[in-house]
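In: Provided below are the primary sequence and the corresponding predicted coordinates.
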Amino acid sequence: MAGGLVALLDDIAAMAKLAAASVDDIGAAAARASAKSAGVVIDDTAVTPQYVQGFNPSRELPVIKRIAIGSLRNKLLIILPLALLFSQFVPWLLTPILMVGGTYLAFEGAEKIWEKFGPGHHEEPVEPVAAGGADHEDAMAAGAIRTDLILSAEIMVLALNEVADEPFLSRAAILIVVAFLITILVYGVVGLIVKMDDIGLHLAERSSKISQKVGRGLVRGMPIFLRVLSSVGIVAMLWVGGHILLVGVDDLGWHWPYEHVHHWEEDAGGGAVGWLVNTGASAVIGAVVGAIVVAIMHLVPRRSKKH
């Protein structure tokens, strides 16, 4: 009896060790998969703050929370089931799906450049939330969640592509961890960014001269930071989109574009400089592809109007 109890306890201990190892493996794989989608995460973080510009400060965090919940719903209820089904039954579709998403990101980046510098470009004034009330808030949140659907799909498919060889249940668990991890990271950072000016005002009102100096610096610096972040978001779109297309055509058998970029990276000595070369080449590819799509999107409506 005692021997049977000891054997049972040994079995339980072994199962616990196996479960702990599985959790560690899932955590490590989730971290690795999340790292692969870092470029899209930067893009998502850079894009989202524009959806709360012009809101009353008291509504900024509730709107961000609403968008974050919508983002998590996108990942878990729409993207995750579809991604798992594709990976299980038609895994060859993952690369084309990624490339479609990469083309969309390249188009988005090129479109934003066109809006900034193209003929007739102008800055759209930010509509104050008070002018539209709850309806305006609903529209802005819905627009942010729609945009997030594309970016979240890219993040999840990139993560899935990294762990495609894992068993089905492990894939599902890893993607669930990635969904929560990325959502908390992105919208936590977005919340911090949009409230930074309020933090600056609070510090500026304190008695400490150092706090006042830091607070005034934050208030003056945040508009500049947001403009820089917007530009980073555009570059990230082009870089990520171009890199997805570069790797995608290599996976589909057209090797010379990726081989050339890889040779340039090696000639640069690898490391940080090599990464910059690879990133620059990817951004150029994204810009070229995006510009072609933008041209098509602008030319087709004009021709249809003429007819």
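Out: That came through fine. Residues are numbered from 1 along each chain as shown.

In: ok, which stretches of this structure are strands?
Out: Remark: no strands are assigned in the chain by DSSP state E.

In: what's the pLDDT at Arg220?
Out: Arg220 is assigned a pLDDT of 84 by the prediction.

In: next, count neighbours for it.
Out: 11 (other C-beta atoms under 10 Å). In short, each C-beta sits where N, CA and C put it, glycine included.

In: same check, this time on Phe180
Out: For Phe180, the number of neighbouring residues by other C-beta under 10 Å comes to 14.

In: what distance do you get for it to Gly188?
Out: Computed with C-beta to C-beta, to the nearest Å, the distance linking Phe180 and Gly188 is 12 Å.

In: output the below-cut-off pLDDT ranges for this protein.
Out: Counting by pLDDT under 70, the low-confidence segments of the chain come to 1-56, 118-133, 300-307.

In: now for the longest helix seen in it, which elements pack on it?
Out: Scanning the chain for the longest helix, with DSSP state H as the assignment, gives helix 209-251. Packing partners of helix 209-251 (3 or more C-beta pairs under 8 Å, 6 or more residues apart in numbering; DSSP states H and E): helix 38-47, helix 94-117, helix 129-162, helix 168-204, helix 256-267, helix 271-306.

In: buried deepest among these, which one?
Out: helix 38-47 (a mean of 23; mean count of other C-beta atoms under 10 Å).

In: shouldn't Lys195 be in contact with Ser58?
Out: No: at 11.0 Å, Lys195 and Ser58 do not qualify as touching, with contact defined as C-beta atoms under 8 Å.

In: roughly how far does the nearest residue to Val157 once chain neighbours are set aside sit from Asp138?
Out: Excluding its sequence neighbours, the residue lying closest to Val157 (C-beta to C-beta, 6 or more residues apart in numbering) is Leu98, at 5.5 Å. Using C-beta to C-beta, Leu98 is found at 32 Å from Asp138.

In: could you do Val163 as well?
Out: In terms of C-beta to C-beta, Val163 sits 36 Å off from Asp138.

In: tell me how far Met297 lies from Ile155.
Out: Looking at Met297 against Ile155, where the rule is C-beta to C-beta, the gap reads 25 Å.

In: I meant to write Ala272 there.
Out: Taken as C-beta to C-beta, the span from Ala272 to Ile155 is 24 Å.

In: go ahead and confirm Leu76 touches Val178.
Out: No: between Leu76 and Val178 there is no contact under C-beta under 8 Å: 10.7 Å.

In: separation between Val273 and Ser282?
Out: Remark: distance between Val273 and Ser282 (C-beta to C-beta) = 15 Å.

In: what's Met237 in contact with, if anything?
Out: For Met237, the contacting residues are 43, 105-106, 108-109, 112, 286, 290, by C-beta atoms under 8 Å, 6 or more residues apart in numbering.

In: from those, pick the one nearest Ile244.
Out: Minimum separation from Ile244 among these (C-beta to C-beta) is found for Leu105, which lies at 7.3 Å.

In: the closest one against Ile244, yeah?
Out: Yes: under the criterion of C-beta under 8 Å, Leu105 makes contact with Ile244 at 7.3 Å.

In: now for the two: what residues contact both?
Out: Glu154.

In: any idea how far Pro91 is from Ile193?
Out: Noted for Pro91: a distance of 37 Å to Ile193, by C-beta to C-beta.

In: ignore the last one, Ala287
Out: 26 Å.

In: equivalent analysis for Arg73, please.
Out: With C-beta to C-beta as the criterion, Arg73 and Ile193 are 22 Å apart.

In: OK, contacts around the residue nearest to Val219 when sequence neighbours are not counted?
Out: Counting by C-beta to C-beta, 6+ apart, Val219 lies nearest to Gly200, which is 4.1 Å off, once chain neighbours are set aside. Taking C-beta under 8 Å, 6+ apart, we find Gly200 in contact with 214-219, 222.

In: now the buried members of those.
Out: Those of the contacts of Gly200 that meet the buried threshold are 214-215, 218-219, 222, by 16 or more other C-beta atoms under 10 Å.
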